[in-house]
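**Student:** My questions are about this predicted structure, shown below with the sequence.
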Protein chains: 2
Amino acid sequence: MAVYTDVGEEELGEFLAGYELGALLSFKGIAEGVENTNYLLHSTAGYFILTLYEKRVAPADLPFFLGLMGHLASRGINCPQPVKTKAGTALGELSGRPAAIFTFLEGVSVRRPSVFHCEALGRALAGLHLAGRDYKLHRRNALALDGWRALADSAGARADSVTPGLAAIVADELSHLSRNWPNELPRGVIHADLFPDNVFFLADELSGLIDFYFACDDILAYDLAICLNAWCFEPDGSYNVTKGKSLLSGYVAVRAMSGEELFSLPLLARGAALRFLLTRLVDWLDVPAGALVRPKDPLEYLKKLRFHQRIGHARDYGLAA
Amino acid sequence: MAVYTDVGEEELGEFLAGYELGALLSFKGIAEGVENTNYLLHSTAGYFILTLYEKRVAPADLPFFLGLMGHLASRGINCPQPVKTKAGTALGELSGRPAAIFTFLEGVSVRRPSVFHCEALGRALAGLHLAGRDYKLHRRNALALDGWRALADSAGARADSVTPGLAAIVADELSHLSRNWPNELPRGVIHADLFPDNVFFLADELSGLIDFYFACDDILAYDLAICLNAWCFEPDGSYNVTKGKSLLSGYVAVRAMSGEELFSLPLLARGAALRFLLTRLVDWLDVPAGALVRPKDPLEYLKKLRFHQRIGHARDYGLAA
């Protein structure tokens, strides 16, 4: 949540001259998107988001992300749509960075999702999975099993400085998941980071999804497992089975899940918990002493992992049999 | 430039219920204002800025600031106007902080002001001084001579760690300014921080002034001296006499300056340079090791101070005799 790149009005003017957006009226850096710099643009043509891609996003992945947003929008998913230049391209360069302009999406993200929000999210996630089926581009999930192993190696024994025994817990879990990962489940485009801050609501209706910069090809039900982790636990770490039931029943109302997918849900939820535990752990260990930005607590996801390890069946998440 | 306070949608909803702003459509933290947290609010009534006052702004000063913005706006100065609640108040509380909503001002700040921008700024600054004449509330300038002494004491000998000899330069300058400060010059409400990021332009017209949180009672020509420092030097540290001439002639075209004011301009410019040298110096010395936020370079203002020390007469700034 920061503005990493300061764009001057002159270079902005040159950049905007490539678009049919009329005259610039205002231009403000906004605190949205962990990975990129975002500006809210107001021109005589309306409101837009200008995104500058910082180093955590690989330029080679941008055609996948931008194409996906266009693809999903054309299939009725409310998400930011890349605005094309007069020359018909969606991706340009500004301040030495890849940059693109998107349509502005109204809506407000919820900090404490309710049962209602979870149900709406489930439906939207399933809709996203269906809409992504015929997307032609592909992107490997860099944060799948291989990526988790690399993160665990990077943390190494330092993990124990966060909580004693964590390095061994991570190693055991990795080994369990490697042996049992359900690679044969239905795959497709997943969002892979659909946390509450990436979902907008307007007057209690889900109004859109944003931030597709972790999107990739992976097991569809793994995306649902990520949401189960991100939406259905209370601040005290307890699992809210009513929210879980809402999320899952919203999802299956739009996209039916196979018996294998349901059977694997606890394992996928363990994987999802480990993925966020590991990225947070590495961020936590790598933060310089005295830094003003406090990274997110990795132990929140250790608690979630412990919870999923004790789950025997998808019905324990609240799904009606 | 940061969002210090994270406002949840529930408390925001309660806060907004006190206003006649219709339904909330979107809500984004924006990177504007060094001292406060700002959100861009879009409701069915339009676009607004929500400001939460962080600890660097004294709550006791808020009636002065908010009243001033209302006063200036009623006299034709384009600046954000506080929006009143249904109960008729402009100041409320949100997330445990004083908070207020303002009208949204279109415009874009310029990073590299041109001669044209300097002339427009001079006119706007003089207009601000005239419009503020009958403002009833008062606020002492906490960053005048007394405040500079306190900052110099706080930096102490550590100043020399930034550049050798700086502590003595600061002490000598303080002593010179204390003996010669032109306290008898015309006073009134000054902006006191009218840097380029606080001035908006639209299609080459000055469209508004923002960020009044250093405004106070002080010598009017001192405000002009601050602008001379902030607008008329090039990135390489050289003074641009054409820009200076434009700023000054724009100012005097709207508000005539007395011979005493012109005579004192070099001294006031030294004071203004010392003020920003000192606040930047203390920020520089106080920043924790490894912090991600890099403070502004105090030495930029040492160079400017050195320049003003060599100026004999206001005409050397470019003003026609």
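**Tutor:** Arrived safely, thanks for sending. Because the structure is a prediction, the values reported are computed rather than measured.

**Student:** quick one: secondary structure of the nearest residue to A:Phe48 once chain neighbours are set aside?
**Tutor:** Using CB to CB, 6 or more residues apart in numbering or on different chains and skipping the chain neighbours, the partner closest in space to A:Phe48 is A:Leu41 (4.4 Å). (Glycine included, C-beta is placed from N, CA and C.) Three-state call for A:Leu41 (DSSP: H, G, I helix; E, B strand; the rest coil): strand.

**Student:** phi, psi of the residue in the stretch 51-200 of chain A that chain B sits nearest to?
**Tutor:** Of all residues in the stretch 51-200 of chain A, the one sitting closest to chain B is A:Arg111 (4.2 Å; CB to the nearest CB). Backbone torsions for A:Arg111, taken as degrees, to the nearest 10, come to phi -80, psi -30.

**Student:** wait, isn't it in contact with B:Gly8?
**Tutor:** Yes. With contact taken as CB atoms under 8 Å, A:Arg111 and B:Gly8 are classed as touching, separated by 4.2 Å.

**Student:** does the residue nearest to A:Phe48 have beta-bridge partners, and which?
**Tutor:** When assigned by DSSP bridges, A:Leu41 has beta-bridge partners A:Phe27, A:Phe48.

**Student:** Please list all residues in contact with it.
**Tutor:** A:16, A:21, A:24, A:26-27, A:47-50, A:101 (CB atoms under 8 Å, 6 or more residues apart in numbering or on different chains).

**Student:** now A:Ala87
**Tutor:** The contact partners of A:Ala87, taken as CB under 8 Å, 6+ apart, are A:Gly18.

**Student:** Under a three-state scheme, what state does it occupy?
**Tutor:** Taken by three-state DSSP, the conformation at A:Ala87 corresponds to coil.

**Student:** what's the spacing between it and A:Leu68?
**Tutor:** Here the distance between A:Ala87 and A:Leu68 works out to 21 Å (CB to CB, to the nearest Å).

**Student:** same question, A:Pro80
**Tutor:** Going from A:Pro80 to A:Leu68 by CB to CB gives 11 Å.

**Student:** and if you look at A:Leu194?
**Tutor:** From A:Leu194 over to A:Leu68 the distance is 14 Å, taken as CB to CB.

**Student:** the strands in the stretch 101-250 of chain A, which residues?
**Tutor:** Taking DSSP state E, counting those that start in this stretch as the test, the strands found in the stretch 101-250 of chain A are A:187-190, A:199-202, A:205-209, A:216-219.

**Student:** can you put those in a markdown table and add mean neighbour count?
**Tutor:** What follows is those, written out as a markdown table (neighbours: other CB atoms under 10 Å in any protein chain shown):
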| stretch | mean neighbour count |
| --- | --- |
| strand A:187-190 | 20 |
| strand A:199-202 | 22 |
| strand A:205-209 | 19 |
| strand A:216-219 | 21 |
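
**Student:** Alpha carbons of the helix or strand harbouring A:Tyr251, as PDB, please.
**Tutor:** When secondary structure is defined using DSSP states H and E, the element that contains A:Tyr251 is helix A:241-254. As requested, the backbone C-alpha atoms of helix A:241-254 are provided in PDB (Å, rounded to 0.1, in the frame of the first residue of the first chain):
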ATOM      1  CA  VAL A 241     -18.400 -22.500  10.200                       C
ATOM      2  CA  THR A 242     -21.500 -20.300   9.100                       C
ATOM      3  CA  LYS A 243     -19.200 -18.200   6.900                       C
ATOM      4  CA  GLY A 244     -17.500 -21.300   5.500                       C
ATOM      5  CA  LYS A 245     -20.900 -22.900   4.700                       C
ATOM      6  CA  SER A 246     -22.000 -19.700   3.000                       C
ATOM      7  CA  LEU A 247     -18.800 -19.400   0.900                       C
ATOM      8  CA  LEU A 248     -19.000 -23.100  -0.100                       C
ATOM      9  CA  SER A 249     -22.700 -23.100  -0.900                       C
ATOM     10  CA  GLY A 250     -22.400 -19.900  -2.900                       C
ATOM     11  CA  TYR A 251     -19.600 -21.500  -4.900                       C
ATOM     12  CA  VAL A 252     -21.300 -24.800  -5.600                       C
ATOM     13  CA  ALA A 253     -24.600 -23.000  -6.500                       C
ATOM     14  CA  VAL A 254     -22.700 -21.600  -9.600                       C
END
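
**Student:** by how many degrees do it and strand A:205-209 diverge?
**Tutor:** Computed with axes from the mean of the first three to the mean of the last three CA atoms, to 10 degrees, the direction of helix A:241-254 lies at 70 degrees from that of strand A:205-209.

**Student:** Let me see the ranges of the helices in chain A.
**Tutor:** Ranges of helices within chain A are A:9-16, A:62-74, A:115-131, A:145-155, A:166-180, A:220-231, A:241-254, A:259-286, A:299-309, based on DSSP state H.

**Student:** can I get these in TSV with mean neighbour count?
**Tutor:** Listed next are the helices of chain A as TSV, based on neighbours: other CB under 10 Å:
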stretch	mean neighbour count
helix A:9-16	15
helix A:62-74	19
helix A:115-131	22
helix A:145-155	16
helix A:166-180	16
helix A:220-231	26
helix A:241-254	20
helix A:259-286	21
helix A:299-309	19
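
**Student:** Out of those helices, point me to the one whose mean pLDDT is lowest.
**Tutor:** Per-stretch mean pLDDT for the helices of chain A is lowest at helix A:9-16 (a mean of 89).

**Student:** other SSEs contacting it?
**Tutor:** strand A:24-30, strand A:92-94 (3 or more CB pairs under 8 Å, 6 or more residues apart in numbering or on different chains; DSSP states H and E).

**Student:** what does the stretch 1-150 of chain A put close to chain B?
**Tutor:** Counting by CB under 8 Å from any CB of the partner chain, the stretch 1-150 of chain A comes close to chain B at A:1-3, A:6, A:8-10, A:12, A:23-32, A:40, A:42, A:104-112.

**Student:** From these, keep the buried residues only.
**Tutor:** When burial is judged by neighbour count using 16 or more other CB atoms under 10 Å in any protein chain shown, the buried members of the residues of the stretch 1-150 of chain A next to chain B are A:2-3, A:9, A:12, A:24-32, A:40, A:42, A:104-105, A:107-110.

**Student:** thinking again about what came up before, which one, of the helices and strands packed on helix A:9-16, ends up nearest to A:Glu119?
**Tutor:** When the helices and strands packed on helix A:9-16 are ranked by proximity to A:Glu119, the top entry is strand A:24-30, at 29.0 Å, counting by CB to CB.

**Student:** Report all helices and strands that that closest one contacts.
**Tutor:** When contacts are defined as 3+ CB pairs under 8 Å, 6+ apart, strand A:24-30 packs onto helix A:9-16, strand A:37-43, strand B:24-30.

**Student:** Let me have those in a markdown table, extended by distance to B:Leu277.
**Tutor:** Listed next are the helices and strands packed on strand A:24-30 as a markdown table, based on distance: least, CB to CB, whole Å:
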| stretch | distance to B:Leu277 |
| --- | --- |
| helix A:9-16 | 27 |
| strand A:37-43 | 30 |
| strand B:24-30 | 29 |
